[in-house]
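Enquirer: Need coordinates for the following:
(chains A and B)
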Number of protein chains: 2
Amino acid sequence: MSKKFLDFKNALVELTHLSSATALLHWDLETHMPPAGGAVRGKTISLLSALVHEKFTSPEFEALITELKEASDGGVLSDEEACVVREVWRDFSREKKLPKEFVEDLSQVTSDAHHIWADARMKSDFSLFLPTLKKIIGLKRKQADYYGYADSPYDALLEGFEQDTTSADIEPLFSELKDFLIPFIKSIADRDKKSQDTLFDGNFEIAKQKAFCHDLLEHIGFPFDRGRLDESAHPFTQGFHPSDVRITTRYDQRNVFYSILSTIHEAGHALYDMGLADEHFGTPLGESLSLGIHESQSRLWENHVGRSRAFWIYMYPRLARAFPQPFADIPFNEFYTHLNRVAPSLIRTEADEVTYNMHIVIRLEIEREIIEGTLNPENIPEVWNQKVKNYLGIAVPDDAHGVLQDVHWSGGMFGYFPTYTLGNLYAAQLYATASREVLNLEEEIAKGSFDHLREWLRTRVHIHGRRYAQDALISRATGEKLTARYFTEHIQKKYGELYQLTDGSSGL
Amino acid sequence: MSKKFLDFKNALVELTHLSSATALLHWDLETHMPPAGGAVRGKTISLLSALVHEKFTSPEFEALITELKEASDGGVLSDEEACVVREVWRDFSREKKLPKEFVEDLSQVTSDAHHIWADARMKSDFSLFLPTLKKIIGLKRKQADYYGYADSPYDALLEGFEQDTTSADIEPLFSELKDFLIPFIKSIADRDKKSQDTLFDGNFEIAKQKAFCHDLLEHIGFPFDRGRLDESAHPFTQGFHPSDVRITTRYDQRNVFYSILSTIHEAGHALYDMGLADEHFGTPLGESLSLGIHESQSRLWENHVGRSRAFWIYMYPRLARAFPQPFADIPFNEFYTHLNRVAPSLIRTEADEVTYNMHIVIRLEIEREIIEGTLNPENIPEVWNQKVKNYLGIAVPDDAHGVLQDVHWSGGMFGYFPTYTLGNLYAAQLYATASREVLNLEEEIAKGSFDHLREWLRTRVHIHGRRYAQDALISRATGEKLTARYFTEHIQKKYGELYQLTDGSSGL
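Expert: This next block holds a predicted model:
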């Protein structure tokens, strides 16, 4: 390793340590901070974030990265070094395109917007949020212009959440999904007239839920010497280094599956961060790849493991022991069917595995038009409600249960939503491959053995960091490029059986 | 406020936010961090600490403080501004006196020394620590030379923990203490032939201890919206801002008073940090004054409240309800007497209120000679053991229970120990004044009302930050300069009664 590259690497590691300190300030804010500490904590966080930004865009760092970029272009770096330079250059050149005043402006507007959105949602009144949303949209279109783009300004924003991915890449995937899901959901709705919604109701003591989630994590092999499980208003994962990755969940006294499924979801995120290469800490080779790939890990564990028959063959006796009321009296098949019941609903975060992606389709179609300027923001609720009616067959009663439900747009996060669905598609393709390659995977899971699956994901996905783009990573891991087929096949098979749709009523 | 002073204040606030982030990294390390995270956390902490040091000693900051120092000397600043400049200048000029290489050297040596000391203590073999200790002593003598001093190099080090305080200041106080305590301890030892050491033995469930300590904090008015109680190997207090101050304790299943008394001790520290002036956050006006004054707050709560008859009149029924075994069957007077039993012992941190200061006398006498070069380090154990024999009347069986028990010297903290005793003396003088000034203080405490005491301490001590030196603060709060008299009177009265020494056998 050349002296110059070593200097560069040290500068990156230093930046990562500083970001890590900022991340701890955040984690603590969400988990343990006394309530009165919020105002000061916000300032500490913004000061430290600004310091990281300042160092990353300093003339010294620019000189260093520029010199290494030239060395890399000149072909004098090793493959690994070139990869580090390529990825840091990507982040650096993107960050440099935005004028300082613009960044401050956007940060101020979205920071103010949070409270305005929360208030509008509470009052269920989109008109209260509209003026702010217009401001944000204006800034995001300007931001896309700063970045530049070939086809659509939306692509410039999408790149910030899922690099190397454009509307043209995802358009066919989303079309295929939509064509499959709309009739499939309808065919289930036609069948499912008898679902008993109160079957899993109970009064689930929080302390017992905590113990159960802890136990569940032990069973799937979450290493507690390198991680923690805490409680927060919204579940999240925060990794500081592969040796310290923490997840949170939320406990709902009436619904034990909220904490269980969110715990296993976050564990999927955490295992990714724990599986990154220690020796590359601080460089892109030791960083997670994209939001879509990150979500693939959480969804794989949540849906393909955590909602599977095999998993519950193992866990159900434990669940029934922990919560005899109501589970001791529910036969396994009835339990499994009810756990996987499908019902179009209004709130994305409460959606089942089948209908979830339609929520994303709706958001993607709308936010693309917003950013491309073909949809007047005033008409968003009308368009939203119409799409929910057309795609999910249900009526939106008010803005709180419609267009105001998600925080993302108030934070300026246009381009984020599609990564959820990309995650689902990656997850299905990865899991299908793992099922072929890991000997007796389902039997192993049914016996509570997750070692081979964890190891398969670690060597196929985690360990590579940002070495390959998503396309290359997925092709290497699964033998083909991303397709929606594995997802639709999974849904077709699992829910076709559960809802006895084997006559082909789904339209496939 | 002048523009220049505002710039200066902003720079100080920024430094404080960064130190705050470092403090959170520490707090988390001691309380919640998964065990494997230690190695990386150490690096994050040292990097952020270095950054704070770098900013504090940067040419930009030096230019700013120098300009303000001149303005202050020229008399153009307000009183408050002048005080801020005076105190920052004190810290800055002290820090500037040490060459960078020296600081790095000392930091490296003391960092390595920690493990060497811990190993030597485990093996109870001073000779294993001696070579390292010699190195540290050499560096500390050099450090004293860098700082400069009038009478003794020890004064230059003491200044770092208790500013404006020299050996000449504390010598008469320690003499008076020694003259009083040695015969007093002996007279108790002559009386106390019947103490039943197993009276408080029990098996105290940790969860119940936690609940009891939490409850105790609620009773004394520890505001949980601005604070927390956690668990760590060694109890400590960490303040980030008056709105977020956290304490920890440790739970000993065999001894419930370990957690109770350390909780109330740390609460005293915390109430000080919570009582600092919000509006001066980041400047010395919003900082605690000295280690001695800080310790006065913890000792006041631990000893004058937490070991008092009045406090237990209120808390004992609660204790007996929480832990009927063994307390339900112990009559109150027997409980109170046993809680305050005096017995010379080997370990400082386990010492009672009476013998504690003799442990400090021993350390002070030895460390002063070490730094002044009149005691050969090889002879420390011999001198130590002799002093323990002379002052406390007991034999030291091995180095682990003698010279190796405390971590301080391995960290280069020569000059720290006297602040514990200063804290005890300040505490006694403050509490005696509060008892005169707060109407029916003991009766209030016996009824579980602590509001007036908290408020008295806040207005007399906390709110002033570093505005006054200790002398001035104590004179303003109590009407006279620090004296050992209030402490000796407190001990004489309380333990004279408990041990029926009213015949004057203590020699006073």
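
Enquirer: From chain B, how far off is A:Arg307?
Expert: Remark: distance between A:Arg307 and chain B (C-beta to the nearest C-beta, to the nearest Å) = 28 Å. Just so you know, the C-beta spots here come from the backbone N, C-alpha and C atoms, and that holds for glycine as well.

Enquirer: cool, A:Trp312 as well?
Expert: According to C-beta to the nearest C-beta, A:Trp312 stands 29 Å off from chain B.

Enquirer: swap in A:Ser20?
Expert: 5 Å.

Enquirer: Same check on A:Gln470?
Expert: Distance of A:Gln470 to chain B, computed by C-beta to the nearest C-beta: 28 Å.

Enquirer: and that residue, what does it touch?
Expert: Residues in contact with A:Gln470 (C-beta atoms under 8 Å, 6 or more residues apart in numbering or on different chains) are A:162, A:164-165, A:289-290, A:292-293, A:426, A:482.

Enquirer: pLDDT score for it?
Expert: Each residue has a pLDDT score; the one for A:Gln470 is 97.

Enquirer: Kindly report the same for the one 3 residues further on.
Expert: The pLDDT attached to A:Leu473 in the predicted structure is 98.

Enquirer: Please name the nearest non-neighbouring residue to it.
Expert: Among residues not flanking A:Leu473 along the chain, A:His464 sits closest, at 6.2 Å (C-beta to C-beta, 6 or more residues apart in numbering or on different chains).

Enquirer: The one you found - how many residues pack around it?
Expert: By other C-beta atoms under 10 Å in any protein chain shown, 22 other residues sit near A:His464.

Enquirer: now it: how far from A:Pro223?
Expert: A:His464 is 20 Å from A:Pro223, where distance means C-beta to C-beta, to the nearest Å.

Enquirer: Would you state the helices of the stretch 51-200 of chain A in chain order?
Expert: Using DSSP state H, counting those that start in this stretch, the helices of the stretch 51-200 of chain A run over residues A:59-73, A:79-96, A:100-123, A:126-147, A:153-158, A:167-191.

Enquirer: The ones you listed: which one's closest to chain B?
Expert: Nearest to chain B among the helices of the stretch 51-200 of chain A is helix A:59-73 (14.0 Å), distances taken as C-beta to the nearest C-beta.

Enquirer: where in the stretch 51-200 of chain A is pLDDT low?
Expert: For the stretch 51-200 of chain A, the stretches flagged by pLDDT under 70 are A:192-196.

Enquirer: what does it put close to chain B?
Expert: Within the stretch 51-200 of chain A, the positions near chain B by C-beta under 8 Å from any C-beta of the partner chain are A:Leu51.

Enquirer: Can you name the residue of the stretch 51-200 of chain A nearest chain B?
Expert: Going by C-beta to the nearest C-beta, chain B is nearest to A:Leu51 of the stretch 51-200 of chain A, at 7.8 Å.

Enquirer: Just say which of the helices of the stretch 51-200 of chain A is most tucked in.
Expert: helix A:153-158 (a mean of 24; mean count of other C-beta atoms under 10 Å in any protein chain shown).

Enquirer: coming back round to it: and of the helices of the stretch 51-200 of chain A, who's closest to B:Asp451?
Expert: Proximity to B:Asp451, assessed across the helices of the stretch 51-200 of chain A by C-beta to C-beta, is greatest for helix A:100-123 (34.8 Å).

Enquirer: and that closest one, what other elements does it pack with?
Expert: If you count contacts as 3 or more C-beta pairs under 8 Å, 6 or more residues apart in numbering or on different chains; DSSP states H and E, helix A:100-123 packs onto helix A:126-147.

Enquirer: Just the residues contacting the helix it packs on, thanks.
Expert: With contacts defined as C-beta under 8 Å, 6+ apart, helix A:126-147 is touched by A:94, A:97-99, A:102, A:105-106, A:109-110, A:112-113, A:116-117, A:119-121, A:153-154, A:156-157, A:159, A:370-371, A:373, A:377-378, A:380-381, A:399, A:403-404, A:409-410, A:412, A:414.

Enquirer: Equivalent analysis for stretch A:348-356, please.
Expert: Outside stretch A:348-356, the residues that touch it by C-beta under 8 Å, 6+ apart are A:181, A:184-185, A:188, A:303, A:307, A:340-345, A:359-360, A:363, A:392, A:405-406, A:420, A:424, A:491, A:495.

Enquirer: how about that stretch: buried residues?
Expert: By 16 or more other C-beta atoms under 10 Å in any protein chain shown, the buried positions in stretch A:348-356 come out as A:348, A:351-356.

Enquirer: Mind checking which of those residues land in strands?
Expert: Residues of the buried residues of stretch A:348-356 located in strands (DSSP state E): none.

Enquirer: Please produce TSV containing the residues you listed, extended by pLDDT.
Expert: TSV is the format used below for the buried residues of stretch A:348-356 (pLDDT from 0 to 100):
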residue	pLDDT
A:Arg348	96
A:Ala351	95
A:Asp352	96
A:Glu353	96
A:Val354	97
A:Thr355	97
A:Tyr356	98
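
Enquirer: give me the number of residues near the closest residue to chain B within the stretch 151-300 of chain A?
Expert: Per C-beta to the nearest C-beta, A:Asp244 is where the stretch 151-300 of chain A lies closest to chain B, at 3.3 Å. Neighbour count for A:Asp244, taken as other C-beta under 10 Å: 26.

Enquirer: who's in contact with it?
Expert: A:Asp244 makes contacts with A:226-227, B:33-34, B:36-37, B:40-41, as judged by C-beta under 8 Å, 6+ apart.

Enquirer: what does the stretch 401-508 of chain A put close to chain B?
Expert: Taking C-beta under 8 Å from any C-beta as the criterion, chain B has no neighbours within the stretch 401-508 of chain A.

Enquirer: Buried residues, stretch A:243-252. List them.
Expert: Result for stretch A:243-252 [16+ other C-beta under 10 Å]: buried residues A:243-249, A:251.

Enquirer: if we can go back for a sec, quick check: phi and psi at the residue of the stretch 151-300 of chain A closest to chain B.
Expert: Backbone torsions for A:Asp244, taken as degrees, to the nearest 10, come to phi -160, psi 90.
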